[in-house]
Structures are given as structure tokens and as C-alpha cells.
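> Predicted model, plus sequence, below.
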Amino acid sequence: MADLETLRARKGAVRRSEVPSNVVTALNRGELESVNLVEFLVIDHVKLFKAVRPALSLADADAKKIALAIKRLSSEGVMQRLVATGAAFHETLEDSESREKVYQELTEHPSDVVRNWAAYMDAADANLTFSKRLQRARKFATDSNMGVREIAWMCVRFPAADAIVNDIERLYSFAKHKNYLARRFAIEVSRPCGVWCKHIPALKQRPEIAEELLSHCREDSEKYVQDSVANWLNDASKTRPDFVQDLCDRWRSENDSPHTKRITHRALRTLRKKA
């Protein structure tokens, strides 16, 4: 097999059939993280768990239970597998003294899929407060892997959509964080429509709830954050065009920053098409 450092510098394949066999092997061993969705989809979760299991502080009985759950999920879609695998870890280890140790081992693993299992352990834990969810999600929200960053906000949004509306001020510290990945997380987790997830009706009908949150990032210099703010507003423009138009007009009148101009221009793209 090629040196792992050489493989880490690779460009991802365009089609699953084009992923080199040595890359597939390394992904299934948990030695590499995926670099794009194509690679993410070729990973065999059964093989991956078997490969990483020796590095986890799991009792044999617990490992067998989780392995069986993962095997049963083989025919499911990748998102269903991630959700259910995280739940299997949580349910198996809920009363175990090793739960947090295993969780930490998952969060620090080289494989992005394994780190996603940890994120979905938190999603499955109904006892976590919204504040605690955000605290634990920070690690995933600022992960170097784009796929893990996407999973980070999904794993908060799915079990705590109501809290995002009712306690949105808890996201302000993320929106003002020095790490732009944390700022992007604050916006993405609260999008009215979101991506690959259920909508939040309250934010579709009353986007004013998030105005202060959005304002923290209206002059953000990072394109990654700008796009997220613009997409948030574009989502809202489909149900509350009045709010989005008025907000964008006000932002532009109050600030001539090129960053604000770019955000508002992109935010109004659906309204421009309708016009």
C-alpha cells in the first residue's frame, strides 16, 4: 500500500468505481478520512468497526452488540446508518462506566465516519440539555473534515429544534467566536429550511427570531460564513420575503462593507428570480 502521507494528499475520485483500491482499504481500516462524498459512500461500516474495535475501550459483549447493529444496517442509506450506529453506541453504553472513554476515543479517531458515530451518540442522548449539546458539538463543528462539520449541526438540530428557537441566544457565542467554523455552525444549525433535515416552521414564519444571531455575522470576512448567512436568508425569503428584503436593505444602508454587500446580494437571489 502507498504511504499514508501520500494518500492523505490525494484528490477525491469523481465516481465510486474510480476510488483506488488502496484508498478503499485504508478507509475501511480507519487509517484515512474521506475527502469527498464519493469516498464517504464507499466505506464499509462493518469492516470499519471491525478494524477500529481493538482501539476502543469496549467490553466484548458490548462490541458484539454494536457490531450486530451495524451489520443489520448494511442495506440502509448512509445517513440512516450513521444515526442508528450512534444510537447503538449510546444505548449499549448508556449505563456503562466506559461510555465517556469510548466517546472520547471515537471523537479523536482518524476516520471521519468514526467521529460521526460519536456525534450521533450525542444526538441519541435525550438527557443532554441544549447547552450541553452545544458544548459537545463544538469539537465537531470545528473539525478539519467538512463531512464532520455538516454532521455537527445536524446532530444538534435533529433532537433540539425547539431549543434552537426558544434559546437561540445560546448560539450567540458561536456566532462571535474567533474560529470561523464555529460561526458558520451557529448559522447553519438554525437555517429555516436546512439541508438534509426537517424544516423549522417557527423560523420560516418568524425569521425575526434569528435577526440578532445573523447580525453578528453580517460583516464576516470568511466566504464560508458569508455563504451560510446568505443561504439562511434565502431560505427565509421563500416564506417571508418582506423580512429578508427589509433586512438586506437596512444592512446595506447601515454598512457599505463588501462582505455585507456580497451576503445581501446572494441572500436576495430567489427574490430576484421571482421579480
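Arrived safely.
> Show me the shaky parts of the chain.
For the chain, residues meeting the criterion pLDDT under 70 lie at 1-2.
> buried ones in the longest helix seen in it?
Longest helix in the chain, counting residues (DSSP state H): helix 146-166. By neighbour count on 16 or more other CB atoms under 10 Å, the buried set for helix 146-166 is 146-157, 159-161, 163-165. Any C-beta I mention is one placed from the backbone N, CA and C, and that applies to glycine too.
> any idea which element the closest residue to Tyr120 other than its chain neighbours lies in?
Excluding its sequence neighbours, the residue lying closest to Tyr120 (CB to CB, 6 or more residues apart in numbering) is Gly86, at 2.2 Å. Assigned by DSSP states H and E, Gly86 belongs to helix 78-93.
> now do Arg218
Arg218 belongs to no helix or strand, assigned by DSSP H and E.
> which residues touch it?
Residues in contact with Arg218 (CB atoms under 8 Å, 6 or more residues apart in numbering) are 229, 251, 255, 259-260, 263.
> What are the boundaries of the helices in the stretch 51-200 of the chain?
In the stretch 51-200 of the chain, the helices defined using DSSP state H, counting those that start in this stretch lie at 60-72, 78-93, 99-107, 112-124, 130-141, 146-166, 172-175, 180-188.
> Save those as TSV, and put in distance to Ser221 too.
Shown next, in TSV, are the helices of the stretch 51-200 of the chain (distance: least, CB to CB, whole Å):
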stretch	distance to Ser221
helix 60-72	42
helix 78-93	32
helix 99-107	29
helix 112-124	27
helix 130-141	19
helix 146-166	19
helix 172-175	14
helix 180-188	8
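> now do the same end-to-end measure for stretch 64-80.
Taking CA to CA, to the nearest Å, the first and last residues of stretch 64-80 lie 20 Å apart.
> which residues are in contact with it?
Taking CB under 8 Å, 6+ apart as the rule, stretch 64-80 contacts 40-41, 45-46, 49-50, 53, 58, 81, 84-85, 88-89, 92, 196.
> Select only the buried ones of those in ChimeraX?
A single ChimeraX command selects the buried members of the contacts of stretch 64-80 (16+ other CB under 10 Å):
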select :40,45,46,49,50,58,81,84,85,88,89,92
